[in-house]
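> Predicted model, plus sequence, below.
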Amino acid sequence: MNLFARKVNNYSLYASHAWYVPGVKGMFGLLGWFLLGNLLGGVVQMIFTSFLPVDVVMQYSMLVVYPLSFVPAMIYAAQQSQRNSLFETGYKLSSNNFGRFKGWQIALITVALTYATMISADLPNYWNYKFTTLVPGMQSFYDFITDLMRQMTGGPVWSSFLLVAIFAPIFEEWLCRGMVLRGLLAHLKPGWAIVVSALFFAIIHMNPWQALNAFIIGVIMGYVYYKTGNLWLTMLMHFVNNGTSVILSQIPSLQETDFWMDMMPRSTYTALYVGGLVLLCVCLWAFRSIPLLQKRGNIDTVEL
């Protein structure tokens, strides 16, 4: 590939970040830029508050503020990638290594895996809530966080769905799997890379109740990315998880319910939970059957 063609390719959707492969130090750097983006978003929200009604700001401002929080990290990663592209190997943010499976088959397995993970994570999340809220003051903090999140996503269904089910999968998967995990897989053993990236994913959610759920699904999404190299699949998982939550939140009888076990009789829940664990194992076995191309996982190098 000649220099001009490489420069054009550098500015395509994913290739513009392909030559930035952050290790642990780089991960903290990205976290710093993400936090700076949150600070910038806070300033923008304060400006909105000065000119718009409070209820409008609470319901719609996140459609602007949330994507803005990722912009500094994206600009930094693009600049680092552009600098590195002349001298270092690039690794694609999204590859298509599905083994014996066709694209539609692996997509269906991914959807099933997502629901299996959601069901399997329900009990740990429930006990996390129970133990955490035993700490003095944490129940009030939980109620505050829950109320704040409901206000921020309390606009029309379309705005909540756009924010939670579309924006979150696109931006968070770019950061947590496309940048952090892809980079860590080139520097650490795969198991450590997946766990550390899941911890990173949990930390950026910034509250202890979302964090455990984020860590669990982050590990599963990390494994999917490790085995396939495909960022679209982890976006699909994120979309299904978040989209289902938005849809369930629109059902009046479930609006005050945070756990699957509160939605049904205990016997039904037990059967559902056991079925979810079995389905989880079956889906993970399917991904395990995909052969690895190299130690760092099935992440392709950028062809020059």
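Done, it's in. Numbering: from 1, shown residues only.

> which of the residues in the helix ranked longest in the chain are buried?
Longest helix of the chain, by residue count under DSSP state H: helix 103-132. Across helix 103-132, burial judged by 16 or more other C-beta atoms under 10 Å covers 106-107, 109-123, 125, 128-129, 132. For glycine as for every other residue, the C-beta is placed from the backbone atoms N, C-alpha and C.

> in this protein, which spans are strands?
Ranges of strands within the chain: none, based on DSSP state E.

> pLDDT below threshold where in it?
Residue ranges of the chain with pLDDT under 70: 1-14, 148, 150-154, 254-256, 304.

> now with 80?
For the chain, the stretches with pLDDT under 80 are 1-15, 54-59, 137-139, 141-155, 252-258, 303-304.

> picking up where we left off before, just checking, what packs against the longest helix of the chain?
Other elements packing on helix 103-132 under the criterion 3 or more C-beta pairs under 8 Å, 6 or more residues apart in numbering; DSSP states H and E are helix 138-152, helix 208-228, helix 231-249, helix 266-288.

> Can you tell me which of the ones you listed is packed in deepest?
Per residue and on average, the most neighbours among the helices and strands packed on helix 103-132 fall to helix 208-228, with a mean of 22 (mean count of other C-beta atoms under 10 Å).

> T301 reaches Y91, doesn't it?
Yes. Using C-beta atoms under 8 Å, T301 is in contact with Y91, at 5.9 Å.

> Next, the buried residues of stretch 43-63.
Within stretch 43-63, the residues scored as buried using 16+ other C-beta under 10 Å are 45, 48, 57-62.

> let me redo that: stretch 16-35
Neighbour-count burial for stretch 16-35, with 16+ other C-beta under 10 Å as criterion, is recorded at 16-22, 26-27, 29-31, 33-34.

> That stretch: how far from the chain's middle?
For stretch 16-35, the separation from the chain centroid amounts to 16 Å (computed by C-alpha atoms, centre = their mean, to the nearest Å).

> okay, how far is it across it, tip to tip?
Stretch 16-35 has an end-to-end distance of 22 Å (criterion: C-alpha to C-alpha, to the nearest Å).

> which other residues reach it?
The contact list for stretch 16-35 (C-beta atoms under 8 Å, 6 or more residues apart in numbering) reads 10, 69-70, 72-74, 76-78, 80-85, 88-93, 174-175, 178-180, 182-184, 186-188, 196-197, 200, 203-204, 302.

> Filter those down to the ones in helices?
Using DSSP H, the members of the contacts of stretch 16-35 that fall in helices are 10, 72-74, 76-78, 80-84, 182-184, 196-197, 200, 203.

> which among the residues you listed end up buried?
Among these, the ones that count as buried (16+ other C-beta under 10 Å) are 10, 72-74, 76-78, 80-82, 182-184, 196-197, 200.

> And the furthest pair within the residues you listed?
Between any two of these, the greatest separation by C-beta to C-beta is 27.5 Å, found for N10 and V196.

> ok so, going back, could you export the helices and strands packed on helix 103-132 as TSV, including distance to F161?
Formatted as TSV, the helices and strands packed on helix 103-132 follow (distance: least, C-beta to C-beta, whole Å):
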stretch	distance to F161
helix 138-152	14
helix 208-228	18
helix 231-249	5
helix 266-288	24
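
> Figure out which of those helices is closest to A168.
Set against A168 and scored by C-beta to C-beta, the helices and strands packed on helix 103-132 come closest in helix 231-249, at 5.6 Å.

> ok now the closest one, how far from the chain's centre?
Centre-to-centre, helix 231-249 and its host chain are 9 Å apart (C-alpha atoms, centre = their mean).

> again with stretch 50-59
28 Å.

> what's the answer for stretch 141-148, then?
Mean C-alpha position of stretch 141-148 versus that of the full chain (C-alpha atoms, centre = their mean) differs by 21 Å.

> and it, C-alpha only, in CSV?
Output of stretch 141-148 as CSV, limited to C-alpha atoms (Å, rounded to 0.1, in the frame of the first residue of the first chain):
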residue,chain,number,x,y,z
PHE,A,141,-27.0,6.5,47.6
TYR,A,142,-28.5,3.6,45.6
ASP,A,143,-31.9,5.3,45.6
PHE,A,144,-30.2,8.6,44.5
ILE,A,145,-28.3,6.9,41.7
THR,A,146,-31.4,5.0,40.5
ASP,A,147,-33.5,8.1,40.6
LEU,A,148,-30.9,10.1,38.7
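
> Thank you kindly, that will do.
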